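J.: Okay, sequence plus prediction incoming.
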Amino acid sequence: MDSSMEQNILVTGGAGFIGTHTVVQLLKEGFKVSIIDNLDNSVLEAVDRVRELVGPNLSKKLEFNLGDLRNKEDIEKLFSKQRFDAVIHFAALKGVGESVGIPRRYYDNNLVGTINLYETMSKYNCKMMVFSSSATVYGEPKKIPCLFLEEIARDIHRAEPEWRIVLLRYFNPVGAHESGRIGEDPKGIPNNLMPYIQQVAVGRQPELNVYGHDYPTKDGSAVRDYIHVMDLADGHIAALRKLFTDPKIGCTAYNLGTGRGTSVLEMVAAFEKASGKKIPMKLCPRRPGDSTVVYASTEKAEKELGWKAKYGVDEMCRDQWNWTNNNPWGYQKKL
Ligand SMILES: NC(=O)c1ccc[n+]([C@@H]2O[C@H](COP(=O)([O-])OP(=O)(O)OC[C@H]3O[C@@H](n4cnc5c(N)ncnc54)[C@H](O)[C@@H]3O)[C@@H](O)[C@H]2O)c1
Ligand SMILES: O=c1ccn([C@@H]2O[C@H](COP(=O)(O)OP(=O)(O)O[C@H]3O[C@H](CO)[C@@H](O)[C@H](O)[C@H]3O)[C@@H](O)[C@H]2O)c(=O)[nH]1
């Protein structure tokens, strides 16, 4: 396409939910991509499907490396054999529950992995990074670990101002690629709303527990800013372009959301409409630590990244259903 033809991007955690969708868009935009993933929360089949989606020509520009960011040698191996222009860093354990319940495992993976990555990048003079952060930085104190990772990024930039780092604070990523070939496939019982709804829709779970029906919202259920994963993927391309073109970017955070709030009950209704399936529900007490209403202020990303979410809740549910309907067991053939 343009200068991005030459640019080589390392995507950590590229076999995961957001990673696979971003890799598709990166390849389509003409970037070369190397994934490093330890397949802790993903499967190789997802990468094969990315290849299938982009076709044989663009697939030649995609390389998969099985590796773990906790092992510095795994990262070193990649940097010693090719030059990367930038890194998009998705590799992390994302369970909020886990960060509270098994903090050592969580810190080891997310903190040690991230520090190893920064150190190797620095050694090979690759100092551009797009980092997956979360709207939880605006939330509960118990979800602080990702704030910590943002602080590390800021400290690194303070100490070595030549670094350019974009921190992307995701709101609630949902949906799937419109092809229905890639999507979210959590291991075990899902914690998040949409993967849970999709499993109810195909009979893997009997009913949806609605956590909280007495919030001070219009229908009593909690409100979130759901964002289509393809919009999120495009947000990463916009962030990369910003890194490559703005020497003054420093270390800057942007919200990736739609700016619109949708309640749990509204989301269920939208999914029922998209799928034609009835989602049985049980009204349950609030889930500890949940906020009442969370939605993004999107002005900064619009103004500075030139990025704005295109899709609404109807498209999110349409694509979530398309993925689920075609892959009721996710990437598994059967259970
Ligand atoms: N999905 C969300 O709701 C959400 C919201 C906010 C932020 N995030 C962040 O975005 C990033 C991507 O999220 P996702 O939903 O795609 O998660 P995911 O679990 O689907 O993808 C993460 C990938 O990283 C890999 N990985 C984990 N630890 C690794 C390690 N040490 N070395 C190599 N690979 C490793 C996993 O195998 C997986 O493929 C994460 O950092 C997550 O914290 C996600
Ligand atoms: O089975 C379920 C699951 C969720 N919910 C509710 O649905 C809403 C959304 O929940 P969920 O999908 O778990 O998202 P959040 O709790 O908003 O947190 C997500 O979104 C954050 C970004 O805002 C990320 O950082 C977190 O990792 C991710 O879990 C909340 O009100 C939940 O109480 C239910 O009612 N039933």
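T.: Thanks, I have it. Ligands and ions are numbered 1, 2, ... in the order given.
J.: Let me know how buried the closest residue to Pro280 other than its chain neighbours is, in neighbour terms.
T.: In space, Pro280 comes closest to Glu207 once its chain neighbours are excluded; the distance is 4.0 Å by C-beta to C-beta, 6 or more residues apart in numbering. C-betas here are computed from N, CA, C, even on glycine. Other residues within reach of Glu207 by the criterion other C-beta atoms under 10 Å amount to 11.
J.: likewise Gly259?
T.: The number of residues packed around Gly259, counting by other C-beta under 10 Å, is 17.
J.: so which strand or helix has Asn65?
T.: In this structure, Asn65 sits in strand 62-66 according to DSSP states H and E.
J.: next helix or strand past that strand?
T.: Beyond strand 62-66 in the direction of the C-terminus, DSSP H and E gives the next helix or strand as helix 72-81.
J.: farthest residue from the center of this structure?
T.: Summary for the chain: using C-alpha atoms, centre = their mean, the residue whose C-alpha lies farthest from the chain's mean C-alpha position is Asp214, with a distance of 29.8 Å.
J.: Confirm that that residue sits in a helix.
T.: No: when DSSP: H, G, I helix; E, B strand; the rest coil is applied, Asp214 is found to be coil, with no helix at that position.
J.: List the buried residues in stretch 320-335.
T.: Gln320, Trp321, Asn322, Trp323, Thr324, Asn325, Asn327, Pro328, Gly330 (16 or more other C-beta atoms under 10 Å).
J.: Packing partners of the host helix or strand of the second one?
T.: Which is Trp321. Secondary structure assignment for Trp321, by DSSP H and E: helix 313-326. Other elements packing on helix 313-326 under the criterion 3 or more C-beta pairs under 8 Å, 6 or more residues apart in numbering; DSSP states H and E are helix 193-201, strand 226-228, helix 264-275.
J.: right, so those: which one is the most enclosed?
T.: Among those, the stretch with the highest mean neighbour count (mean count of other C-beta atoms under 10 Å) is strand 226-228, at a mean of 27.
J.: and that one, which strands flank it?
T.: Based on DSSP bridges, the strands next to strand 226-228 in the sheet, each with its direction, are strand 172-174 (parallel).
J.: Near ligand 2, which residues of the stretch 1-150 of the chain are found?
T.: Residues of the stretch 1-150 of the chain that fall close to ligand 2, judged by C-beta under 6 Å from any ligand atom: Lys94, Val96, Ser134, Ala135, Thr136.
J.: By pLDDT, rank the residues you listed and give me the bottom one.
T.: Among those, Val96 has the lowest pLDDT, at 66.
J.: any chance you could map the strands in the stretch 51-200 of the chain?
T.: If you assign secondary structure with DSSP state E, counting those that start in this stretch, the strands in the stretch 51-200 of the chain sit at 62-66, 86-89, 128-134, 164-170, 172-174.
J.: Give me the residues contacting the shortest one.
T.: Outside of strand 172-174, the residues that reach it under the criterion C-beta atoms under 8 Å, 6 or more residues apart in numbering are 17-18, 135, 184, 192-194, 224-229, 232, 257, 316, 320.
J.: so who does Ile216 touch?
T.: Check again: residue 216 is Pro, not Ile. Thr292.
J.: Could you list the contact residues of this protein toward ligand 1?
T.: With C-beta under 6 Å from any ligand atom as the criterion, the chain meets ligand 1 at residues 13, 15-19, 36-42, 68-70, 90-94, 109, 113, 132, 134, 170, 173.
J.: go with 5 Å
T.: Counting by C-beta under 5 Å from any ligand atom, the positions of the chain adjacent to ligand 1 are 13, 15-18, 37-38, 40-42, 68-69, 90-92, 94, 109, 113, 132, 134, 170, 173.
J.: Mark which of those residues are buried, thanks.
T.: With neighbours counted using 16+ other C-beta under 10 Å, these contain these buried positions: 13, 15-18, 37-38, 41-42, 68-69, 90-92, 94, 109, 113, 132, 134, 170, 173.
J.: Return the residues in contact with the residue in the stretch 201-335 of the chain positioned nearest to ligand 1.
T.: Shortest the stretch 201-335 of the chain-to-ligand 1 distance, computed as C-beta to the nearest ligand atom: residue-wise this is Val229, at 8.3 Å. With C-beta under 8 Å, 6+ apart as the criterion, the residues that contact Val229 are Phe17, Ile18, His21, Pro173, Val174, Gly175, Ala176, His177, Glu184.
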